[in-house]
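> Task: produce atomic coordinates for the following.
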Amino acid sequence: RLRLLNDTIKYRTRAEVDTVGELTTLGQAVDAFMTLAAQAAGSASSVTTEQWQTHAHALGISGIDTNAEDGNLAEVQAAIQGKGLDKIDSIAKLQQVIRTVNVSLEVIVAYADSNTNPAPTVDDYTQAGITAGGVALVTSENLAAINSAIDRLSRDDVSSRRSIKTVVNAYNAILAAADGEDLNSSGASLTAMGYLAIGVPLGSAAIGMGRLVIKPDGSRIFGDVDQAKLALFNNVVGSRCKQEVNTPAKLEALAKTVADLIRTGREQDTDAVVNAGGTALSLDSLRNLGLTGIDTPVRRTAFLNAV
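Here you go, the predicted model:
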């Protein structure tokens, strides 16, 4: 405690430490951080969010965001907690711990910017605060799928913890629904916005499942949803195994086939069959939906005629 207090004073001007009150404020800030470092991981802290903000300001520590919705206070606390007093007994050491938390977020954002940058790891997501109730939302089991979504999106799409959590939660819901069972409704609750969040372009001409609208405040809504296409798509996703839906590209291919099957059945000029690239209704694409009985060109033709 004394080493951190002395180090803190070193960075202050004389006018900032020439009263008992000012020294007391610094001492309280030092005590709060040191007490946290001495606690066992997962212990509850009695220090309020407002107090943490005050303590960080008193020590001249930057990089702590106490915003309730998108801040990093919980992640910073978790990074310090149980670390030991000697690991944060200087401003430089304490600042480095906080920097590590924020660097992890930048790794994720940078990967969305360009996949030539290092791919985020499970630790990157956890240290960046992509958790729920202290439980990591990204694990070794879903890491590849999450990274494939981050790669497809832009920096602006994942520039905050909240937006990254939206992507991760949306993909986790899709992966949970994909249980490989045909005769259940595991995919029924999946939403168009969930697919859009991970980079599946449901509003594209090839799919035409609805219309994406970006409001003046930057929020997005997906209107005029084609419920028949969405229902069939959800059913298909729910019937696939996780490996068959573990990239946005795979999901987009399934959505194109679903959309053209619905169009084939409707035969409407206002939403004609697209068969983008000549593959949406190919033999392989139909079989990827789970229609394994369609195994020859003749059967494919007969099926489409029946539809």
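> Residue 264 and residue 273: what is the separation?
6 Å (CB to CB, to the nearest Å). (C-beta placed from N, C-alpha, C; glycine too.)
> Can you work out which residues contact both of the two?
Residues touching both residue 264 and residue 273 by CB atoms under 8 Å, 6 or more residues apart in numbering: residue 281.
> Quick one: distance of the longest helix anywhere in the chain to the chain centre.
Counting residues, the longest helix in the chain under DSSP state H turns out to be helix 91-113. Relative to its chain's centre, helix 91-113 lies at 17 Å (CA atoms, centre = their mean, to the nearest Å).
> packing partners for that helix?
helix 2-10, helix 73-80, helix 122-127, helix 143-152, helix 161-177 (3 or more CB pairs under 8 Å, 6 or more residues apart in numbering; DSSP states H and E).
> ok, then the element right after the third one?
Read in the C-terminal direction, the helix or strand following helix 122-127 is strand 131-132, with elements assigned using DSSP states H and E.
> ok, whichever helix or strand comes after that following strand: who's next to it in the sheet?
Sequence-wise, the next helix or strand downstream of strand 131-132 (DSSP H and E) is strand 135-136. Sheet pairing for strand 135-136, assigned by DSSP bridges, gives strand 131-132 (antiparallel).
> Then residue 46 would be within a strand, right?
No. Counting by DSSP: H, G, I helix; E, B strand; the rest coil, residue 46 is not found in a strand; it is coil.
> What is the burial count for it?
Using other CB atoms under 10 Å, residue 46 has 7 neighbouring residues.
> if I look at it, how far off is residue 31?
In terms of CB to CB, residue 46 sits 12 Å off from residue 31.
> quick one, the longest helix of the chain and helix 143-152 angle?
70 degrees (axes from the mean of the first three to the mean of the last three CA atoms, to 10 degrees).
> Show me which residues of helix 91-113 are buried.
By neighbour count on 16 or more other CB atoms under 10 Å, the buried set for helix 91-113 is 91, 94-95, 97-98, 101-102, 104-105, 107-113.
> I'd like the average pLDDT over it.
The average of the pLDDT scores along helix 91-113 is 92.
> can you check stretch 290-305 too?
Averaging pLDDT along stretch 290-305 yields 92.
> Any stretches of the stretch 201-307 of the chain with poor pLDDT?
Across the stretch 201-307 of the chain, not a single residue meets the criterion (pLDDT under 70).
> re the thing from before, show me the one of the helices and strands packed on helix 91-113 that comes nearest residue 205.
Between residue 205 and the helices and strands packed on helix 91-113, the shortest separation by CB to CB is 18.2 Å, and it involves helix 143-152.
> which residues touch the closest one?
Outside helix 143-152, the residues that touch it by CB under 8 Å, 6+ apart are 108, 111-112, 115, 119-122, 125, 138, 158, 164, 167-168, 171, 175, 198-199, 242, 246-249.
> Likewise for stretch 165-181?
Identification of contacts with stretch 165-181 by CB under 8 Å, 6+ apart yields 125, 130, 132, 137-138, 142, 145-146, 149-150, 153, 157-158, 186-187, 189-190, 193-195, 197-198, 234, 237-242, 244-246, 251.
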